[in-house]
Each structure stands twice: as C-alpha cells, then as structure tokens.
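Asks: I'd like to go over a predicted model; first the sequence, then the structure.
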Amino acid sequence: MVRRVIGWRRGLARAAAVLAVGGAVVGCAAAPDGGAASEVVTDFFAAVDGGDGAAACGMLAPVTLEELEDDEGQSCASAVLGGDVGPTLQAEAAQVLPAGAGADAVQAYGRQAQAVVGEVTVFLTRSGERWVISAAGCEPVPERPYRCALEGA
C-alpha cells in the first residue's frame with residue numbers, strides 16, 4: 001500500500017510539472033505583443049506621410065482595405081493618401097511621427113489591440129503572426145463606440 005501512495009504522488013508531481021511547463025509555453029505563445037503593434041502604427045503613419053500608399057495598404061486588415069476601396073471607388077494605394085480618408089491620416093501622421101518611439105499606450109487583448117499616441121487612436125487585429133490596422137482616424141464619441149475615418153465592416 002505504501003508503494004502505491006508513493007507512486008501515485010510521484011505521478012501527480014510529474015503531471016503537475018508537465019501542466020505548469022505546458023501552461024507557461026502556451027501562455028507565452030498566446031501573449032499579445034504590444035511593442036509590435038506600436039511599431040505597425042508608426043510604420044503605417046510613416047508610409048502615409050512618405051506618400052507610400054502601397055506600403056500603408058500592406059499594413060491594413062483585409063476587410064479594412066476592401067472597405068476603403070469600396071467607399072472611395074479607387075485602389076487602396078490611392079484612397080489611403082487621398083479622398084476623404086487621406087487628409088485625416090496625414091494629420092494623424094503629423095502627430096504620431098514626432099512622438100518617435102511609437103504609441104504612448106498599447107492595450108492588447110488576445111487578437112485585438114488599441115494604440116494611443118497623443119490624441120490619435122488606432123485599432124489593430126492579428127492576421128496570422130502579425131498585427132494589422134483595422135481602424136484609424138478614430139475619435140471617441142461620448143457613450144458610443146469610436147467614429148473612425150478608416151475602418152473595416
């Protein structure tokens with residue numbers, strides 16, 4: 001009987017160790033990377049400011065890119081720099097880029113993130129292994145969701 005108890009305890013200890021290590025690995029793999037989200041925001045606004053619409057569009061979530069093209073009736077590369085959205089994004093780039101280091105605050109929740117630089121708010125989502133922008137040109141509306149110049153459906 002003593003042998004069974006010792007064997008059972010040893011087995012329980014091994015199982016606990018495996019679960020602890022497994023949980024830590026899963027936790028690390030699933031942990032959102034706010035720094036990477038911040039870099040995407042800075043890179044996006046640098047592309048807008050530099051007139052590189054194609055690069056800016058490469059950082060948009062697919063649904064956001066499609067919505068922009070549908071709303072503006074032109075390619076994303078043209079629409080992100082002009083039309084109704086371009087001036088808003090250019091103004092935001094002028095606020096974001098001098099900040100240099102990126103977002104003041106990034107809150108990441110699983111596959112979604114919100115980045116704030118001064119008065120600029122950008123929403124991001126995970127697409128595969130990278131962050132992409134799902135909404136930009138966003139301003140808060142009291143007791144409502146944000147109103148964004150650029151967003152997916």
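Replies: Sure thing, it's come through.
Asks: could you check how far residue 119 is from residue 68?
Replies: Residue 119 sits 22 Å away from residue 68, going by C-beta to C-beta, to the nearest Å. The way it works is simple: take the backbone N, C-alpha and C, and place the C-beta from them, glycine included.
Asks: who has more neighbours out of the two?
Replies: More neighbours surround residue 68 than the other of residue 119 and residue 68, with 24 against 9 (other C-beta atoms under 10 Å).
Asks: so where does the more buried one fall, helix or strand?
Replies: Assigned by DSSP states H and E, residue 68 belongs to helix 62-72.
Asks: what lies in contact with that helix?
Replies: 57, 60, 75-76, 78-80, 82-85, 127, 132-135, 150-153 (C-beta atoms under 8 Å, 6 or more residues apart in numbering).
Asks: how about the strands in the chain?
Replies: Counting by DSSP state E, the chain has these strands, from start to end: 105-109, 112-117, 120-127, 130-139, 147-151.
Asks: got TSV for those strands, with mean pLDDT too?
Replies: Output for the strands of the chain, formatted as TSV (pLDDT from 0 to 100):
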stretch	mean pLDDT
strand 105-109	87
strand 112-117	91
strand 120-127	93
strand 130-139	95
strand 147-151	93
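Asks: which among these is found nearest to residue 43?
Replies: strand 130-139 (9.9 Å; C-beta to C-beta).
Asks: from the contact counts, what lies against that closest one?
Replies: For strand 130-139, the packing partners by 3 or more C-beta pairs under 8 Å, 6 or more residues apart in numbering; DSSP states H and E come out as helix 34-49, helix 62-72, helix 86-96, strand 120-127, strand 147-151.
Asks: for those, which one ends up most surrounded?
Replies: strand 120-127 (a mean of 22; mean count of other C-beta atoms under 10 Å).
Asks: okay, now the unreliable bits of this protein?
Replies: By pLDDT under 70, the low-scoring segments of the chain are 1-33, 99-103.
Asks: what residue is smack in the middle of it?
Replies: Averaging the C-alpha coordinates of the chain gives a centre point, and the residue nearest to it by C-alpha atoms, centre = their mean is residue 124 (2.8 Å).
Asks: look up how far residue 143 lies from that residue.
Replies: With distances taken as C-beta to C-beta, residue 124 is found 24 Å from residue 143.
Asks: residue 44 now?
Replies: 29 Å.
Asks: likewise for residue 72?
Replies: The gap separating residue 72 from residue 143 is 30 Å, by C-beta to C-beta.
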